[in-house]
Structures are given as structure tokens and as C-alpha cells.
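> Attaching a predicted model along with its sequence, questions to come.
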Amino acid sequence: MDHPIPNTKDALSTQIIIPQKQVGRKSDIYVTMVSSTTQVASKGWFIAMISTNVETDNPEAEIQPGLNLLGPIKQKFLQVSDVFQPTEDGTASQLFISKSYDATSHFETTCLDVLDIFKRGTGEDFDFSKVKHTLEDQE
């Protein structure tokens, strides 16, 4: 796109979650827009991504509420991806495999998956209090 999402006060990065009940779905629709401020597009260009879980045989129609928010679109790509998960938890084989990314745009489920893999691999919860917060903390 050559413009930010309308009605966002010209925000250069945006995340919008369209609640499932608002659009009569079982899954929320996630709209994310990024720009040159996040070093992913040339100045004056914007990349919008819309994601959800496919519920019908017409995925493009399912994301239409998100598309409607974007305004004019210069170029559009549509991709449907399968979601996978490991068939076993890895404790016996010591092979710890993550799940596929899901439709969420804020990576909460991915983070929970990583924490679960850590616990299965080490037998312990991850201790966030041991994380160094600044470069000075690492010395």
C-alpha cells in the first residue's frame, strides 16, 4: 500500500484485532500493518497482513472485513498455510518440535509453545528473573 490504514491517525505501524463475534466467526481476524519505521518497507510504502483460521472453502471472503479496513491496495497476495503440531511431546525421543505459527499477530501462542518446549526439555519452568535486561547487566 502507499498509505497507512485509514482512521488510524496515520499510524506507521498498527495492529487491529476484529473480534470473532463482531463478524460471526469462530476465530478472530488479525490485521497488522508495518512500514519503513520497522525497516521492512521502503519509505512511503506499507505492508499489511491479515490472518485468521480458515473456516470455509473461501478464505479470501473470510478476511474481507480486514481488507475493508485497508483502503486502496496496490498489490495483494493470498496464501493459505496448513498448521502442524508434533505427534509426540519429545520427552522419550529428546526431539522437541514446535507447533506451526498460528493466525495470531502478537505471537502469544508461539511464546507459550517455546516455554512449553523449554519445560519439556529441561523439566523446569523458564526463570525470567535470570534474564539480563541491559548490556551492562551482561558484564
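Cool, the structure landed. Since the structure is predicted, the reported quantities are computational estimates derived from the model, not experimental observations. Numbers count the residues shown, from 1 in each chain.

> So for the top helix by length along the chain, mean pLDDT?
In the chain, taking DSSP state H as the definition, the longest helix is helix 108-122. Across helix 108-122, pLDDT averages out at 94.

> what's the spacing between it and its chain's center?
Mean C-alpha position of helix 108-122 versus that of the full chain (C-alpha atoms, centre = their mean, to the nearest Å) differs by 17 Å.

> Give me the buried positions along it.
113, 116-117 (16 or more other C-beta atoms under 10 Å). Any C-beta I mention is one placed from the backbone N, CA and C, and that applies to glycine too.

> Now the terminal residues of stretch 101-109, how far apart.
8 Å (C-alpha to C-alpha, to the nearest Å).

> low pLDDT regions in this structure?
Applying pLDDT under 70 to the chain flags the ranges 135, 137-139.

> for it, what spans make up the strands?
Assigned by DSSP state E, the chain shows strands spanning 14-18, 29-34, 47-51.

> Could you list every helix and strand that the longest one packs against?
Using 3 or more C-beta pairs under 8 Å, 6 or more residues apart in numbering; DSSP states H and E as the contact criterion, the elements in contact with strand 29-34 are strand 14-18, strand 47-51, helix 64-70.

> With distance to Ser93 and mean neighbour count as extra columns, can I get those in TSV?
Listed next are these as TSV, based on distance: least, C-beta to C-beta, whole Å; neighbours: other C-beta atoms under 10 Å:
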stretch	distance to Ser93	mean neighbour count
strand 14-18	37	16
strand 47-51	31	18
helix 64-70	40	16
